[in-house]
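Asks: Compute the structure for the input listed below.
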Amino acid sequence: MGITSAKVVVSALLLLCILLTLFRPSPLVSVSSGRTCITVAFWGSYEEWKMWQEIVEGFYRFHPEIQVKLNYIPGNYDDKIRLLLAADSAPDIMLIQDEPFPAYASYGKFEDLTDRIVNSSCPFDWPHDFWPTAPESFVYNGRIYGLPLWGGTVLIYYNKKMLRELGVEPPRDDWNMEEFVEKARELTRDLDNDGRFDTYGFAVPMWVYYLPWTWAFGARYLNEERTDWAFTDSSAIQAMRFCQDLLYSYRVSPSPYDMPNTDLNAMFMTGRVGMTVSGPWNSPPLRTANIEFDVVHMPYGPTGKRYTRVTWDCLAMFRGCRNKEAAWAFMTYCVSYEAQAIVGRYVRSVPALQAAKDAFIDPNNGWNEEKFIESLAYARYQPISLHWNQMDQAITPEYEKLLMNKQSPEEMIKRLADIVRRENIFPLNAKEGT
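Replies: Okay, here's the model as predicted:
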């Protein structure tokens, strides 16, 4: 073993030791208080930390005999959870995103919740109490391994102040692709007549946020059963051509050459980009910064249909949890109306429980957050499978080459198909991740 390899191994062992110290299995009884103790791991902002504290305080009113230890992991969350699962030293309850969920579930380290959920004494009606697509996001090989907690779709945000100053009317909810491009053109301006644009209409997002446009052109990455690659036909080429045209033909979005190393969200906040695409999780920082903004529904595509990407997070229980009844009590409280209403009031995510939607909508907010609820009617579950990470790692660099104008849409589609076939990146079983 070389010196470099040895350093890597030592560093990994040190990191594992730190994690094991921070997240060692909870004792059966909390020595200090005599209460049953459970640990809950999550990521997020300071606002989300406050939200979790409020949820825990609400839980204590019903279960004062249970102590909840919040383990806040602000960075590299997935990597740390993966290490803890591998070491059989994971927290009792973990917040898990839908993208890595199938792979995590395949490790066999999550508690199977199916029997608890179908039991007649379960406090909710599965899956009917939750928004469509939320329950199915956390089923693996026909078994339930996660309770959907919150999530959201993506919509187009627009900077109200920028539009007002440029004399541009806000977009309509029933717009189409042509009107979307025209609105972006209205916002793309050379204000000082130096031959360079000072403002842009739209910020082209990463590929997962571009999925609504991909679908609106009739394209999809995987077939309906998620057993094979499907991003090979003319609709895929058209979707990628439209993406590239926004940058280099219509010139309504800053290319990597126009604004190198620039944070597109910062450009939106400062009024240099008029429209961007994101979920409700983008609203807290905008509100904190006192940005005047609103959201509009996704435009209709050439197929006459519109779509949005929906994503969900769940709570999963570690199979090695020593206090499973206490952990289950906390998990079910988190999807109760009371806790879900807390989630809604923070307007960071759409509560997974349909009954809590009114808590998410506040007419005094000054923007139309209810559109995130409305858009669930045309939301599509993203192409998640056991092979999500491999697929993302294949798509991202090819998509970035497209954005840099280093390959044509036809070249991108062909290269991706070749990579997927060569690396066997598609689900081996149609039930995986569904």
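Asks: Look up phi and psi at the spatially most central residue of the chain.
Replies: In the chain, the residue lying closest to the centroid (CA atoms, centre = their mean) is residue 311, at 4.8 Å. Note on residue 311: its backbone torsions stand at phi -140, psi 150 [degrees, to the nearest 10].
Asks: Show me the beta-bridge partners of it.
Replies: Under DSSP bridges, the beta-bridge partners of residue 311 are residue 152.
Asks: what's near enough to touch it?
Replies: When the contact criterion is CB atoms under 8 Å, 6 or more residues apart in numbering, the partners of residue 311 are 97-99, 151-152, 279, 382. C-beta here means a position set from N, CA and C on the backbone, and glycine is covered the same way.
Asks: of those, closest to residue 138?
Replies: Closest approach between the contacts of residue 311 and residue 138, by CB to CB: residue 98, at 7.2 Å.
Asks: Give me the nearest residue to that closest one, chain neighbours excluded.
Replies: Using CB to CB, 6 or more residues apart in numbering and skipping residues adjacent in sequence, the residue nearest residue 98 is residue 137, 4.5 Å away.
Asks: again, but for residue 155
Replies: Per CB to CB, 6+ apart, closest to residue 155 is residue 295, 4.4 Å.
Asks: ok, that neighbour touching residue 370?
Replies: No: distance between residue 295 and residue 370: 9.5 Å, which falls outside the contact criterion (CB atoms under 8 Å).
Asks: Using pLDDT, spot the least trustworthy of the contacts of residue 311.
Replies: Ranked by pLDDT, these bottom out at residue 382 (88).
Asks: Quick check, residue 71 in contact with residue 90.
Replies: No: if you go by CB under 8 Å, residue 71 and residue 90 don't touch, sitting 10.1 Å apart.
Asks: Among these two, which residue is more densely surrounded?
Replies: Neighbours of residue 71 and residue 90, each counted by other CB atoms under 10 Å, are more numerous for residue 90; the result is 28 against 16.
Asks: Enumerate every residue touching that one.
Replies: Residue 90 is in contact with 23, 41, 81, 84, 109, 318, 320, counting by CB under 8 Å, 6+ apart.
Asks: Residue 200 now?
Replies: Shown here is residue 200, whose contacts under the criterion CB under 8 Å, 6+ apart are 184, 187-188, 252-254, 267, 272-274.
Asks: just residue 181 next, same as before
Replies: Going by CB under 8 Å, 6+ apart, the list of residues near residue 181 reads 246, 250, 252.
Asks: In these, which residue is surrounded by the most others?
Replies: Neighbour tally across the contacts of residue 181 (other CB under 10 Å): the maximum, 26 neighbours, falls on residue 252.
Asks: That residue belongs to a helix?
Replies: No: going by DSSP: H, G, I helix; E, B strand; the rest coil, the assignment for residue 252 is coil, not a helix.
Asks: how about it, what does it touch?
Replies: For residue 252, the contact set (CB under 8 Å, 6+ apart) comprises 181, 184-185, 187-188, 200-202, 246.
Asks: which one among those gets closest to residue 357?
Replies: Nearest to residue 357 among the contacts of residue 252 is residue 202, at 28.9 Å by CB to CB.
Asks: thought the closest one was touching residue 184?
Replies: Yes: proximity of residue 202 to residue 184 meets the contact threshold set by CB under 8 Å, at 4.5 Å.
Asks: Now do stretch 404-423: distance to the chain's middle.
Replies: When distances are taken as CA atoms, centre = their mean, to the nearest Å, stretch 404-423 is centred 25 Å away from the chain's centroid.
Asks: Can you list the buried residues in it?
Replies: When neighbours are counted by 16 or more other CB atoms under 10 Å, the buried residues of stretch 404-423 are found to be 407, 409, 412-413, 416, 419-420.
Asks: Counting by contacts, list what whichever strand or helix holds residue 373 packs against.
Replies: Take DSSP states H and E as the rule and residue 373 turns out to sit in helix 370-374. Packed against helix 370-374, as judged by 3 or more CB pairs under 8 Å, 6 or more residues apart in numbering; DSSP states H and E, are the following elements: strand 293-296, helix 357-360.
Asks: of all those, which lies closest to residue 173?
Replies: strand 293-296 (5.8 Å).
Asks: Give me the helices and strands touching that closest one, please.
Replies: For strand 293-296, the helices and strands in contact under the criterion 3+ CB pairs under 8 Å, 6+ apart are strand 155-159, helix 370-374.
Asks: After the last one, which helix or strand is next? Please name it.
Replies: I take that to be helix 370-374. Going down the chain from helix 370-374, the next helix or strand is strand 379-381, by DSSP H and E.
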